[in-house]
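S.K.: Okay, structure incoming, though there's no sequence with it:
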């Protein structure tokens, strides 16, 4: 955990409170409304919901894919490679995961930048231009449309 710094507002000269987040490592921005809709939806199994949360935590910065096969992921999360593959395909169909490359016949994925993103707001705005919003049952789309790139 880093030490708190003192920042000063250039216009007023007043101190601006600042402290780094007390996380153990990298952190990301998450659309809580979309994650809530996924985790509360009856259209997803507990295993699918678990993998969504896992993808949020593991997806690399920017729009880079996770370079791992279903078997690799299965070993990490305690599932078979076939189960992971089946879940990933369903999440891809709903655009919760996005395809970001291939190794041979194997597709490489990452979480949709509409759901979670590790990067600046400008980078996230550019990233969502490359994919369509996820299809999440129960998500009412309350986010203002001006917030999402057209």
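M.R.: Received the coordinates, thanks. As the structure is a prediction and not an experimental result, all values here were calculated from the model. Numbering: from 1, shown residues only.
S.K.: residue nearest the centroid of the chain?
M.R.: residue 116 (2.6 Å; CA atoms, centre = their mean).
S.K.: hey, what's that residue bridged with?
M.R.: Using DSSP bridges, the bridge partners assigned to residue 116 are residue 30.
S.K.: what's the pLDDT at it?
M.R.: You'll see residue 116 listed with a pLDDT of 97.
S.K.: Could you list which residues are in contact with it?
M.R.: Listed by CB atoms under 8 Å, 6 or more residues apart in numbering, the contact set of residue 116 reads 28-31, 35, 56, 59. All C-beta atoms are positioned from the backbone trio N, CA, C, and that covers glycine.
S.K.: How about residue 68?
M.R.: With contact taken as CB under 8 Å, 6+ apart, residue 68 is in contact with residue 76.
S.K.: I'd assumed it was in a helix, is it?
M.R.: No. Read with DSSP: H, G, I helix; E, B strand; the rest coil, residue 68 is coil and lies in no helix.
S.K.: roughly how far apart are it and residue 50?
M.R.: In this view, residue 68 and residue 50 are 16 Å apart by CB to CB, to the nearest Å.
S.K.: quick one: the helices in this protein?
M.R.: For the chain, helices defined by DSSP state H occupy the ranges 32-40, 46-58, 70-77, 81-93, 121-128.
S.K.: Residue 121 versus residue 17, what's the distance?
M.R.: Per CB to CB, residue 17 is found 21 Å from residue 121.
S.K.: tell me, how many neighbours does residue 15 end up with?
M.R.: 10 (other CB atoms under 10 Å).
S.K.: Quickly list what it is bridged to.
M.R.: Here residue 15 sits in beta bridges with residue 8, going by DSSP bridges.
S.K.: Can you report how many residues neighbour the closest residue to residue 67 other than its chain neighbours?
M.R.: Nearest residue to residue 67, sequence neighbours excluded (CB to CB, 6 or more residues apart in numbering): residue 108, at 6.2 Å. By other CB under 10 Å, the residues close to residue 108 number 16.
S.K.: Also residue 23?
M.R.: Around residue 23 there are 9 other residues, counting by other CB under 10 Å.
S.K.: try residue 73
M.R.: Neighbours of residue 73 using other CB under 10 Å come to 22.
S.K.: and if you look at residue 38?
M.R.: Neighbour count of residue 38, defined by other CB under 10 Å: 24.
S.K.: Thank you kindly, that will do.
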